[in-house]
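> Can you look at this prediction? I've put the sequence above it.
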Amino acid sequence: MKKSFSHVILLILTIVIVVSCNDQASLQGYFVDHQESKNFLTQDIPISMLKIDESKLSKEQKEAYNSVERLNFLGFKANESNADTLATELAKVKTILNSKKYNELLEFSDRGNKIVVKYIGDDTEAEEVIVFGSSKEMGFGIVRVLGHKMSPDKMATLASVLQGANVNEGQLQDVMNFFK
C-alpha cells in the first residue's frame, strides 16, 4: 500500500513538471527576451500621458479608457543589413499571435503596412489587447494594452478617440525617432 501511494505521488509530480514546462512561446516572454536586443526598442507608456478630455467621451468610451492601465511597446527597426533577422523575428511574432489563445479583433493593410489587433479573453472581457503593425521598410511594432475589465468591443470604439488625442510627444519621442 505504501509503495503504490509513493508511485501515485511520483506520477502526480511528474505530470505537474511536464505541464509546467510548456515550451510554447508567449508574447510577454518575447518582450522580455528582446528588450535589450540590437535593433529593438521597448517602452512602457502610462495611459495618463494621453491628454484626453473625458467629458467628451461617451459612457462606453469612458469605461474603455478607464479600463486601460498601461501600454507596453516593442519595436524592431528594419534596415538594409538586417532583412534576414527581420524575416526571422516577424515569423516568431506571427507564430505567437497565431496561437489559439489570441482572438482576432481587426486586421487591415494600407500602402504596404499591415495592422492586426488581437486580444486574450472572451467576447465580454479582454485580459490583454495586442496591436501588431509591420512594414518591410520600417520593421514592426507590437503594443500590449494592459488593464482590467477591458471589453473588446469598447476598445474598438476607444481607438477612434485615441486618434484625435493630444499625446505628450516628449514621452513618445524615443518611439517616434526609432522608426525614422
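That came through fine. Since this is a predicted model, take the numbers as computed values, not measurements.
> Got the confidence number for Lys2?
Among the per-residue scores, Lys2 shows a pLDDT of 55.
> Number of residues surrounding Asn79?
12 (other C-beta atoms under 10 Å). Every C-beta, even on glycine, is put in place using the N, C-alpha and C of the backbone.
> So it, which state does it fall into?
coil (DSSP: H, G, I helix; E, B strand; the rest coil).
> Going forward, count from 57.
Yep, numbering from 57; the last one is Asn135 now.
> got a list of what it touches?
Asn95 (C-beta atoms under 8 Å, 6 or more residues apart in numbering).
> Relative to Leu146, how far out is it?
According to C-beta to C-beta, to the nearest Å, Asn135 stands 14 Å off from Leu146.
> Please apply the same query to Ala134.
In terms of C-beta to C-beta, Ala134 sits 10 Å off from Leu146.
> what does Phe132 give?
Counting by C-beta to C-beta - Phe132 and Leu146 are separated by 8 Å.
> for Asp100, same thing?
23 Å.
> Give me the common contacts of Phe132 and Leu146.
Phe196.
> any shared contact partners between Ala134 and Leu146?
By C-beta under 8 Å, 6+ apart, Ala134 and Leu146 have these common neighbours: Phe196.
> For those two, indicate the residue with more neighbours.
Of the pair Ala134 and Leu146, Ala134 is the one with more neighbours under other C-beta under 10 Å, namely 21 against 17.
> Backbone dihedrals for the closest residue to the more buried one other than its chain neighbours, please?
Leaving out its chain neighbours, the residue that sits closest to Ala134 by C-beta to C-beta, 6 or more residues apart in numbering is Gly195, at 3.8 Å. With angles defined as degrees, to the nearest 10, Gly195 sits at phi 120, psi -140.
> Same check on the one 5 residues further on?
When read as degrees, to the nearest 10, the backbone of Arg200 gives phi -100, psi 120.
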